[in-house]
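**Student:** Predicted model and sequence below, questions to follow.
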Amino acid sequence: MKDMAEQKTVRLTKNDILHKEFKTAFHGYQPDEVDQFLDIVISDYEVFNAEILRLREENKRLKAGQNAETADHRSQAYSDNLGQTNYDILKRLSNLEKHVFGNRLDE
């Protein structure tokens, strides 16, 4: 599979296709037939271009949503971890108080 840098770029624009002049020969192509075919090519080109633009926008939207979702997940994980850390600190403090003050805390 080719990576992004190796992909080919579009070489023709809609106007390149529309204004293309073909040389004529004795048994050459019929100009009307070529024009009709090029009209179809131009139409398809516009459809492909619109689809590419739509997919690029969708890609941007999905990436932005994924980034926001990842940030929310990290924030939740941090909050969960912070709660556990606070619990551990309180438990250690309680054990330290019992060790230092003994049973006097119950009085």
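**Tutor:** Yep, it's here.

**Student:** what's the longest helix anywhere in the chain packed up against?
**Tutor:** Ranked by residue count and defined by DSSP state H, the top helix of the chain is helix 31-101. Judged by 3 or more C-beta pairs under 8 Å, 6 or more residues apart in numbering; DSSP states H and E, helix 31-101 is in contact with helix 14-18. Quick note: C-beta positions are derived from backbone N, CA and C, even for glycine.

**Student:** Tabulate the CA atom coordinates of the helix it packs on in PDB.
**Tutor:** Extracted in PDB, the C-alpha atoms of helix 14-18 (Å, rounded to 0.1, in the frame of the first residue of the first chain):
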ATOM      1  CA  LYS A  14     -12.300  20.700 -15.200                       C
ATOM      2  CA  ASN A  15     -11.300  23.500 -17.500                       C
ATOM      3  CA  ASP A  16      -8.300  21.500 -18.900                       C
ATOM      4  CA  ILE A  17     -10.700  18.800 -19.900                       C
ATOM      5  CA  LEU A  18     -13.400  21.200 -21.200                       C
END
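
**Student:** by contact count, what packs against that helix?
**Tutor:** Using 3+ C-beta pairs under 8 Å, 6+ apart: helix 14-18 touches helix 31-101.

**Student:** residues contacting the residue nearest to Lys20 when sequence neighbours are not counted?
**Tutor:** Ranked by C-beta to C-beta, 6 or more residues apart in numbering and with sequence neighbours excluded, the top spatial neighbour of Lys20 is Leu38, at 6.7 Å. For Leu38, the contacting residues are Ile17, Leu18, Lys20, by C-beta atoms under 8 Å, 6 or more residues apart in numbering.

**Student:** Just say helix, strand or coil for the last one.
**Tutor:** Applying DSSP: H, G, I helix; E, B strand; the rest coil to Lys20 yields a three-state assignment of coil.

**Student:** circling back: which one among the contacts of Leu38 gets closest to Asn67?
**Tutor:** Nearest to Asn67 among these: Ile17, at 38.6 Å, using C-beta to C-beta.
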